[in-house]
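[1] how would this look folded up:
(chains A and B)
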Amino acid sequence: MKANKDSDRLDEQLRGHYAAASLDDDALGKIRAAVREEAERAAEPEGRSRWRWAFKYLAAAAVLAVVALGPYLGWWGPGRTTARRLAQRVATEIALNHTKQLPSDLLEKDLVWATLAAATSKQLDFSPVQPAAFKAHPHRLLGARYASVDGQIALQIRMTDERQDLTLYQFRPGERFAKLHKKYTFEVHGVRILIWQEQGLVMGLARFSADLQ
Amino acid sequence: MSESPDLLLDPLLQRGFRYALSLVHDHGQAEDLLQEACVAISRKGGPWKLGYMITVIRNRFIDQYRRSQKIRFQPLEEIEVPVEAPVDEGVGDDLNRALGRLRAEERELVYLAVVENYTTSEIAELTGRPRGTVLSAIHRAKQKLRTALGGDQAKDAS
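    Numbers count the residues shown, from 1 in each chain, chains lettered A, B, ... in the order given. Below you'll find the model as predicted:
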């Protein structure tokens, strides 16, 4: 009986939640206008359509020219990825991994930074380090998992500071991340991520945004 | 060609918006997704019906996120990346946060079953999944919501 009551209560909450979400008059008007415009376009006389298609072909040709010539003219290419975009790519991967909450590979009672380094020395091409910010900040290591970030082998370290669960990622920067000098903060899929470099490693700290409230 | 939507179709647009919201969990993105779907429907000349609108919204959502390669839309059986956008800023209620922690596939199923009262078979047909998978996925998603919301709801027996 209680199970059914709880189920009904959740269902009611869900219905109420979505019922309260609605488009305002402006938004509805915008959508109606877009639809009317599309309907009118579909009903256009053939001559005007031909000009529109000609324009589209020209625009497509221009785009192809930019795509083909861009790297030679230095407009874009592999070297043009900015540090921020790189950090954003890393943040996205970290956010997705953080949300997965996959089980740890290393689960030891009273896990500390020293034993973590010793336990991972064979598998990693770096030695995990305690970030400077955590030296004065009370926290507890919960476990660690081998991961990869942007193709680099990384260590995902689960921690808690008794207020919130955190996931810290560490990996060796390599040449690609040499330009990552600043600290970057991102919000991705409900996860707040801080990216920075320290002690020769790229670090990413993730926590659910909801936990920050 | 069917007539363009007018004020009489506003209720349909609202329902389409709420379905889109269940997928992206972001008001602005849901609005954009709905608009794109409505333009696509208008291009084809309709029909302006909820079932068709849901299909178009869903297909556009999958295409959009596959193209951006931000998120992969994977079968529910696998533990995969959740397909979701950042939670709306300023909305702090517990249920909204709990929904934000579900994957898009999970929110979609719960929405269709609970809010739109789709049967399991209808959801299975819409999403191309076996009926059993849909049933267990809805159950798991609701359990996750109850756990996230905490309190008595977390003790709901399966």
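[2] quick one, helices of chain B?
    B:10-24, B:27-44, B:50-68, B:94-100, B:104-110, B:120-127, B:131-149 (DSSP state H).
[3] give the rounded mean pLDDT of the third one.
    The pLDDT scores in helix B:50-68 average 87.
[4] so which elements touch the lowest-mean-pLDDT helix or strand in chain B?
    Every helix and strand of chain B was ranked by mean pLDDT, DSSP states H and E. The lowest is helix B:50-68, at a mean of 87. Counting contacts by 3 or more CB pairs under 8 Å, 6 or more residues apart in numbering or on different chains; DSSP states H and E, helix B:50-68 packs against helix B:10-24, helix B:27-44, helix B:120-127. (Glycine included, C-beta is placed from N, CA and C.)
[5] and the most centrally placed residue in chain A, how far is that from A:Gly204?
    Of all residues in chain A, the one closest to the mean position by CA atoms, centre = their mean is A:Thr92, 1.9 Å from it. Applying CB to CB, to the nearest Å, the value for A:Thr92 to A:Gly204 is 11 Å.
[6] do A:Ser22 as well
    As for A:Ser22, its distance to A:Gly204 is 37 Å (criterion: CB to CB).
[7] which one's more surrounded, those two?
    Set side by side, A:Ser22 and A:Gly204 show more neighbours around A:Gly204, with 26 against 16, by other CB atoms under 10 Å in any protein chain shown.
[8] dump the C-alpha coordinates for whatever helix or strand the more buried one lives in into CSV.
    Element membership of A:Gly204, judged by DSSP states H and E, is strand A:201-208. The C-alpha coordinates for strand A:201-208 follow below in CSV (Å, rounded to 0.1, in the frame of the first residue of the first chain):
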residue,chain,number,x,y,z
LEU,A,201,49.9,17.6,-14.4
VAL,A,202,46.6,18.7,-15.9
MET,A,203,43.9,18.6,-13.2
GLY,A,204,40.2,18.7,-13.4
LEU,A,205,38.0,18.9,-10.4
ALA,A,206,34.3,18.0,-10.9
ARG,A,207,31.3,18.3,-8.6
PHE,A,208,27.6,18.4,-9.2
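[9] that strand packs against which elements?
    So strand A:201-208, by 3+ CB pairs under 8 Å, 6+ apart, packs with helix A:83-100, strand A:165-171, strand A:191-198.
[10] that strand: partners in the sheet, and parallel or antiparallel?
    strand A:165-171 (antiparallel), strand A:191-198 (antiparallel) (DSSP bridges).
[11] now A:Ser22: phi and psi?
    phi -150, psi 160 (degrees, to the nearest 10).
[12] that one and B:Gln14 touch, don't they?
    Yes. Using CB atoms under 8 Å, A:Ser22 is in contact with B:Gln14, at 5.3 Å.
[13] can you report how many residues lie near B:Ala141?
    B:Ala141 has 23 neighbouring residues, counting by other CB under 10 Å.
[14] any idea how far chain A is from it?
    10 Å (CB to the nearest CB, to the nearest Å).
[15] thought that residue was touching B:Leu102?
    Yes. Counting by CB under 8 Å, B:Ala141 touches B:Leu102, with 5.7 Å between them.
[16] overlap in contacts of the two?
    Common neighbours of B:Ala141 and B:Leu102 (criterion: CB atoms under 8 Å, 6 or more residues apart in numbering or on different chains): B:Val110.
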